[in-house]
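Q: My questions concern the predicted model and sequence given below.
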Amino acid sequence: MPVAADALGVVRLAAAVVLPGTLGRAAQGEARWMPALLFGAAAATDFLDGVVARRGRGATRHGAVLDNLADVAFVLAGTATGARLGFVAPVVPLAIGGAFAAYAVASLRGRVMARSAVGHAAGVLNYALVGLLTGAVAMPGRAWETVLAVASWLVAGVNAAAVLERIVPGPARGAGP
């Protein structure tokens, strides 16, 4: 089953490659629902890859790495494009990239993936912001500007907190969530 789980990660990577162009076209009024469909596919594959891996021989380190790379590729593709198009604050992809870099460094230092509750919350919020962005291009309206502005700063703040959690000395952290 690791091959099936990995295939789901590859689907998410492919969605990350396609997302910027579809967001750009949707923002211009073409195929407005395509980014939302890509978001749905990415969210579904993110949920299912772990389920599929655990039902097989279990999760693997390379599967976890692929999962994390696919996640960050997808949310960075969405938020960087959203920033370029003026939907989200430009600080968002920078904060996400910084949090992922801090996570990667912490994971390389240890034998297990360096998990944290704040980092997990940031990952969930990153996806939620991309979902809101795809909703904004699918169903344009005046309310999106405020929703996306507030969500942008919330996402940037939680990602910054995830970075601070990694660099500010504190109590020993385990490999738990």
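A: Yep, it's here.
Q: where are the low-confidence patches of this structure?
A: For the chain, the stretches with pLDDT under 70 are 1-2, 57-59, 111-113, 169-177.
Q: Which residue would you name as the spatial centre of it?
A: In the chain, the C-alpha closest to the average C-alpha coordinate belongs to residue 75, at a distance of 3.7 Å (C-alpha atoms, centre = their mean).
Q: Nearest residue to it in space, ignoring adjacent ones along the chain?
A: Leaving aside its chain neighbours, residue 75 sits nearest to residue 126 (4.1 Å; criterion: C-beta to C-beta, 6 or more residues apart in numbering). (Glycine included, C-beta is placed from N, CA and C.)
Q: From residue 155, how far off is the one you found?
A: With distances defined as C-beta to C-beta, to the nearest Å, the gap from residue 126 to residue 155 amounts to 6 Å.
Q: Overlap in contacts, the two.
A: Shared contacts of residue 126 and residue 155, defined by C-beta atoms under 8 Å, 6 or more residues apart in numbering, comprise 79, 96.
Q: Have a look at those two and say which one is more surrounded.
A: Neighbours were tallied for residue 126 and for residue 155 using other C-beta atoms under 10 Å; the higher tally belongs to residue 155 (29 against 26).
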